[in-house]
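Student: Build the 3D model from these lines:
(one chain, ligands or ions: 3)
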Amino acid sequence: MSDKYFHLAVDAPISAPLTYLPPNEYIPLGRGDSVRVPLGKRTVDAVVLGKTSECGDFELKPIQEKIIEKPILPEKFLGWLEWLAKYYSYPIGQVTKLAFPPLVKKTKARKSHKSPVVPSLERNKKLQLTTEQQKCFEGISRESGFNIHLLHGVTGSGKTEIYLQLIEDVLNSGKTALVLVPEISLTPQLLNRFSARFPEKVAVIHSHLTDREKTEQWWFSYNNERPILLGARSALFCPRENLGLIIVDEEHESSYKQDEKLKYNARDAAIMLAKMYDCPIVLGSATPSLESWHNAKTGKYYLHQMNERVSSRPMPEIKVVALQDRDKTANLPFWLSSLLYTEIQDSLAKKEQVALFLNRRGVAQFVQCFDCGYTYECPNCEISLTLHGKSDLVCHYCNYTTVFKEKCPDCQSENISAQGVGTEQVEKDVSKLFPDAVVQRADRDEISKREQMEDLIKNMEMGNIDILIGTQMIAKGLDFPGLNLVGLILADVGFHLPDFRASERSYQLITQVAGRAGRHSQVPGKVIVQTFNPQQKCLQFALNNDFEGFCSHELQQRQELSYPPFGRLALIRIVGNTLLNTQKAAQHTMHMLQSLKNHRTLYNEIKVLGPAPAPMTKLRNKYRYHILVKSPNAQTLQALLNELAPDFGKGLSSVKLQIDIDPYNMM
Ligand code: ADP
Ligand code: ZN
Ligand code: ZN
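Tutor: Ligands and ions are numbered 1, 2, ... in the order given. Purely as a prediction, here's the structure:
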C-alpha cells in the first residue's frame, strides 16, 4: 500500500507537521515542494515534508495547489531547517517559510534602475600570502569534509585574504561558498573586496535590501548564477545545492543571534549547515567567543592563529586614563581628558585622522531634577529617556518621544539638568574645541541608509573627514589608511550590565575599537581608553593584548557558575500585560519545571533559577519575568523543554511564554 497522505510544515504557530489529502487533481508533489493549503478559515503556505499512511481521526482537507515549479528546497537544506525548528523549539512551518524568497512568485530577476546591490569594481589581484597566512591557509585546506576551523588573527593580520583564497579554491572545484558577516550594510568595504576579487560572482543578502532586491539576489544564489553568497545572518536561509565552504567572519558578534521569533544563532546554525553538507566551516575573529575558544582549546575545533599584522605593521599602543583623575582645571568638557585632548591636537597638526567612540547616542543619558530627584522615564519601558538635540527626550527601546521643558514636571524646580554624555554632545564639544577640523558623526540617528554609510566611508578614505565620532556601528571591520588615533570616550558602558557576557563584550569592544588605529602605518597607532574603572580585569588584559590570559581568567569564572561554555542555558521569558498576571504565570511555569525535575533523575543536574523580574521589567508596555535553566548539556536541556512544551502556556491567557535557547540577550 502506498502512502496516501502528505505531511506538511504549515506556516502557522503549530509545532508539529499537519496531515493533508493530496490535491483533488493530480499534481506531482515531493519533499521540499511549496503548496497552499486551507487552515481553519484561512489559506496558508506550506512545505511538503513527506508522505504517510496514517491520518488519525481528523477530517482531512486536500492540498489546494502547488505554489510554483521552483523553488524546491534541497534535501540537505530541508534537513537543516528541521533541525533548526527542533533545536530552537520553533514551529516547523514558520522555519521553512524563511527559506523562500520574499516575492515567491517572481522567478526572474528584473533589472532595477537603482545603484546595483553589488558594485562592479576593477578586478583586484590575489596577494602573496605572508608566512603566517600561508600556514593558516594550508592548515585549513588540508582537511576535507566537515571540519570546524577557528581562525584567530589579531586585527589587521589579513584574515580576509585567507577567506578570499579559500573561496577561490572552492569555486575552482565547482562548489559554492557562503560568507556570513555581522552587518553587511555597515561593512561595504568587505563587500567591495569580495566583488573586486570575484566580479559578477557575488550575491548579497541583508536586511537593508528591498524585497525586490532580496528576491533578485536570492535567485542569483539559488540558480548558481553567482556562486558566492555574502550576507548577514538571514543569508543562511537561502537554499543551495552545492555548498563547499562556509565562512563566519567576526564569529563572536552578538548580532548573529536573532533575538525574536526564531531565536537562532547564525554561527551555530552555520556549523550545523556545514555538517549537513559535509563541508568545512571557518570561524574568524580577533576576539573569538569564549565558546569557540574553549572548543578550539579542547580539540573540538582546529585552531589557527596569526599574531602579527601584515607587513609587520605594529599593533597599536593602548593607554588608559582614569577619568576621575583628569585635570579638572583644564577647562575641557567633563568627558575629555587632557591626554586625549593633546593627542587629538597632535594628530590634526600631522594631518592625520581621529576616531572617537562612545556607545551612547544622543546628548545626555538621563535628565534629573536635583531638588526632588525626578528623572524622565519612558512610560512604556520604565527606563530613562535620552536627551537628543535641545529638547527631545527619546526612549532608545521603543522610540517614545516627549519634550523637555527645562522645568521639573513634579516640583517645577529649574534645577533639572541633563546627565551623562552621548555622541551628539561629543560632536558639539569637539566642533567647538577644534573649529577648523571637519567633524562627522556616525550613529543610528545620523546614518540609517546604506548609501549614507558608503558616503561616510568614501569621505574617510579620501581624507575629507578629520574627526569621526561614532557608536560601535563604526567600530567594526573598517580600514582607513589615515586613521592613527582612536579614543574610547567611556569604556565603562558595558562593565556593570547584569549579563554573564558583560566583560567578554567589553574586551571585544576595546580590541575592535583599538584595531581601527594605525592599520597602514609603520608607526604604531595610538589608542586612548577613558574609564572610571581602570582596574577592571578585562581592561587590563586588553591593554596587554593578552587574549589568552583574558580567556583563562574568564573561563574560570564561567566554570564556577556553570555558565557557557560549561553547560547550556535556556532563558524562559514570560511576557504579559499586567505585572500580577506575569508574576503568576512565571510562578506557575516554575512549578511545572520543578515537578518535571522531581519526576526524572535525568534532570538532577539541571538547575532552574527564578522566576525573577527581567532586568528590564517593563519594556514596550509589557511586563517581563525570567526563568533561567542551566543544564550540563544540550540534550538534557532539550528533553526537559520538550516535556514542558505541550502544557506550556495552558490556562495562561494574555501571557506569552518564549523559550530562548543559548540566549544572548539577558535583559
Ligand atoms: P583582518 O581581516 O585580519 O583585520 P585584513 O584582511 O583587513 O585583516 O588585512 C589588513 C590589511 O592588510 C588590508 O589592507 C589587506 O589588504 C592587507 N593585506 C592582507 N594580506 C596581505 C598580504 N598577504 N600582503 C599584503 N597586504 C595584505
Ligand atoms: Zn523636581
Ligand atoms: Zn520605551
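Student: since we're on L497, how many residues are nearby?
Tutor: 15 (other CB atoms under 10 Å). Using the backbone N, CA and C atoms, a C-beta is placed for each residue, glycine as well.
Student: for it, helix, strand, or coil?
Tutor: At L497 the chain is in coil, as set by DSSP: H, G, I helix; E, B strand; the rest coil.
Student: Now do the contacts for it.
Tutor: 615, 667 (CB atoms under 8 Å, 6 or more residues apart in numbering).
Student: And for Y376, nearest residue in space, chain neighbours not counted?
Tutor: Among residues not flanking Y376 along the chain, L385 sits closest, at 4.5 Å (CB to CB, 6 or more residues apart in numbering).
Student: got the phi/psi numbers for the one you found?
Tutor: The phi/psi pair for L385 (degrees, to the nearest 10) reads phi -80, psi 150.
Student: In this structure it contacts C378, no?
Tutor: Yes - the criterion here is CB atoms under 8 Å, and L385 meets it with C378 at 5.7 Å.
Student: Overlap in contacts, these two.
Tutor: In contact with both L385 and C378: 395, 400, using CB under 8 Å, 6+ apart.
Student: before we move on, what SS does the residue of the stretch 501-650 of the chain found nearest ligand 2 have?
Tutor: Relative to ligand 2, the nearest point of the stretch 501-650 of the chain is K618 (22.2 Å; CB to the ion). Secondary structure, three-state DSSP: K618 is strand.
Student: Distance-wise, check it relative to H388.
Tutor: Noted for K618: a distance of 22 Å to H388, by CB to CB, to the nearest Å.
Student: what's the answer for E291, then?
Tutor: Counting by CB to CB, the gap from E291 to H388 is 37 Å.
Student: what do you get for A266?
Tutor: On the measure of CB to CB, A266 and H388 end up 32 Å apart.
Student: more crowded one of those two?
Tutor: Ranked by neighbour count (other CB under 10 Å), A266 and H388 place A266 first, with 24 against 19.
Student: pLDDT score assigned to the more buried one?
Tutor: A266 is assigned a pLDDT of 97 by the prediction.
Student: State the phi and psi torsions of it.
Tutor: phi -60, psi -30.
Student: Over to L103?
Tutor: Per degrees, to the nearest 10, the backbone of L103 is at phi -110, psi 90.
Student: contacting residues for it?
Tutor: Taking CB under 8 Å, 6+ apart, one finds 211-212, 215 in contact with L103.
Student: Just the pLDDT at it, thanks.
Tutor: So, for L103, pLDDT stands at 84.
Student: Likewise for K328?
Tutor: With respect to pLDDT, K328 has a value of 84.
Student: Give me the neighbour count for it.
Tutor: Neighbour tally, K328, other CB under 10 Å: 9.
Student: And N545, by the same measure?
Tutor: 17.
Student: Next: the one 4 residues further on.
Tutor: Burial measure for G549: 13 neighbouring residues, criterion other CB under 10 Å.
Student: what's the answer for E560, then?
Tutor: Neighbours around E560, by other CB under 10 Å: 9.
Student: Tell me the confidence at it?
Tutor: 91.
Student: Distance of it relative to K630?
Tutor: E560 is 12 Å from K630, by CB to CB.
Student: Alongside ligand 1, which residues does this protein contribute?
Tutor: Counting by CB under 6 Å from any ligand atom, the chain comes close to ligand 1 at 127-130, 133, 153, 155-161, 310-311, 479.
Student: Most neighbours of all the residues you listed, which one?
Tutor: S157 (26 neighbours).
Student: ok, now which ones touch that residue?
Tutor: 132-133, 286, 306-310.
Student: any idea how far the nearest residue to I510 once chain neighbours are set aside lies from G470?
Tutor: Among residues not flanking I510 along the chain, A542 sits closest, at 4.2 Å (CB to CB, 6+ apart). A542 sits 19 Å away from G470, taking CB to CB as the criterion.
Student: before we move on, what about Q530?
Tutor: 16 Å.
Student: next one: G145
Tutor: Taking CB to CB, one finds G145 at 42 Å from G470.
Student: Among these two, which residue is more densely surrounded?
Tutor: Neighbours per residue (other CB under 10 Å) separate G145 from G470, with G470 holding more: 25 against 10.
Student: per-residue confidence for the nearest residue to that one once chain neighbours are set aside?
Tutor: Counting by CB to CB, 6+ apart, G470 lies nearest to A442, which is 3.7 Å off, once chain neighbours are set aside. At A442, the pLDDT value in this model is 92.
Student: check contacts around A442.
Tutor: Contacts of A442 (CB under 8 Å, 6+ apart): 453, 456, 468-471, 473-474.
Student: rerun at 7 Å
Tutor: 456, 468, 470, 473-474 (CB atoms under 7 Å, 6 or more residues apart in numbering).
Student: Can you turn the buried part of these into a PyMOL selection?
Tutor: In PyMOL, this line selects whichever of the contacts of A442 come out buried by 16 or more other CB atoms under 10 Å:
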select buried, resi 456+468+470+473+474
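Student: G494: which of the contacts of A442 is nearest?
Tutor: Of all the contacts of A442, G494 sits closest to M473, with 15.2 Å by CB to CB.
Student: so what's W293 up against?
Tutor: C551.
Student: who in this protein is up against ligand 3?
Tutor: With CB under 5 Å from the ion as the criterion, the chain meets ligand 3 at residues 378, 380-381, 395, 397-398, 400.
Student: a markdown table for those residues, including secondary structure, neighbour count and pLDDT?
Tutor: Shown next, in a markdown table, are those (DSSP: H, G, I helix; E, B strand; the rest coil; neighbours: other CB atoms under 10 Å; pLDDT from 0 to 100):
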| residue | secondary structure | neighbour count | pLDDT |
| --- | --- | --- | --- |
| C378 | coil | 24 | 89 |
| N380 | coil | 16 | 88 |
| C381 | coil | 20 | 83 |
| C395 | coil | 22 | 89 |
| Y397 | coil | 15 | 82 |
| C398 | coil | 15 | 83 |
| Y400 | coil | 17 | 91 |
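Student: could you say what helices and strands the top helix by length along the chain packs with?
Tutor: In the chain, with assignment by DSSP state H, the single longest helix is helix 579-599. Packing contacts for helix 579-599, counted by 3 or more CB pairs under 7 Å, 6 or more residues apart in numbering; DSSP states H and E, involve strand 568-576, strand 607-619, strand 622-631, helix 634-644, strand 655-661.
Student: Each with direction, which strands does the shortest one pair with?
Tutor: In other words, strand 655-661. Note on strand 655-661: by DSSP bridges, its sheet partners are strand 568-576 (antiparallel).
Student: So for the partner strand, mean pLDDT?
Tutor: Strand 568-576 comes out at a mean pLDDT of 94.
Student: contacts for it?
Tutor: 582, 585-586, 589, 614, 622-631, 633-634, 637, 641, 654-663, 666.
Student: Also stretch 367-382?
Tutor: By CB under 7 Å, 6+ apart, stretch 367-382 touches 366, 383-385, 387, 393, 395, 397-398, 400, 404, 408-411, 413, 415-419, 616-621.
Student: Over to stretch 167-181?
Tutor: Taking CB under 7 Å, 6+ apart as the rule, stretch 167-181 contacts 141, 163, 187, 190, 224, 227-233, 235-236, 240, 242-250, 266, 270.
Student: With stretch 210-227 instead?
Tutor: Contacts of stretch 210-227 (CB under 7 Å, 6+ apart): 71, 101-103, 106, 109, 112, 117, 171, 176-177, 201-205, 209, 229, 238-240.
Student: Of those residues, keep whichever come out buried.
Tutor: 71, 101, 106, 109, 117, 171, 176-177, 201-205, 209, 229, 238-240.
Student: can you give me the helices in the stretch 151-300 of the chain?
Tutor: In the stretch 151-300 of the chain, the helices defined using DSSP state H, counting those that start in this stretch lie at 159-172, 188-197, 211-222, 266-276, 290-297.
Student: Dump the C-alpha coordinates for stretch 332-351 into PDB.
Tutor: The C-alpha coordinates for stretch 332-351 follow below in PDB (Å, rounded to 0.1, in the frame of the first residue of the first chain):
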ATOM      1  CA  LEU A 332      37.800  70.900  28.900                       C
ATOM      2  CA  PRO A 333      34.400  69.200  28.600                       C
ATOM      3  CA  PHE A 334      34.000  66.700  31.500                       C
ATOM      4  CA  TRP A 335      34.200  63.700  29.200                       C
ATOM      5  CA  LEU A 336      37.600  64.700  27.800                       C
ATOM      6  CA  SER A 337      40.900  64.100  29.500                       C
ATOM      7  CA  SER A 338      43.900  66.300  28.800                       C
ATOM      8  CA  LEU A 339      45.800  63.400  27.300                       C
ATOM      9  CA  LEU A 340      43.200  62.700  24.700                       C
ATOM     10  CA  TYR A 341      42.900  66.400  24.000                       C
ATOM     11  CA  THR A 342      46.600  66.900  23.300                       C
ATOM     12  CA  GLU A 343      46.700  63.700  21.200                       C
ATOM     13  CA  ILE A 344      43.800  65.000  19.100                       C
ATOM     14  CA  GLN A 345      45.700  68.300  18.600                       C
ATOM     15  CA  ASP A 346      48.900  66.400  17.600                       C
ATOM     16  CA  SER A 347      47.100  64.200  15.100                       C
ATOM     17  CA  LEU A 348      45.300  67.200  13.500                       C
ATOM     18  CA  ALA A 349      48.700  69.000  13.300                       C
ATOM     19  CA  LYS A 350      50.100  66.000  11.500                       C
ATOM     20  CA  LYS A 351      47.100  65.900   9.200                       C
END
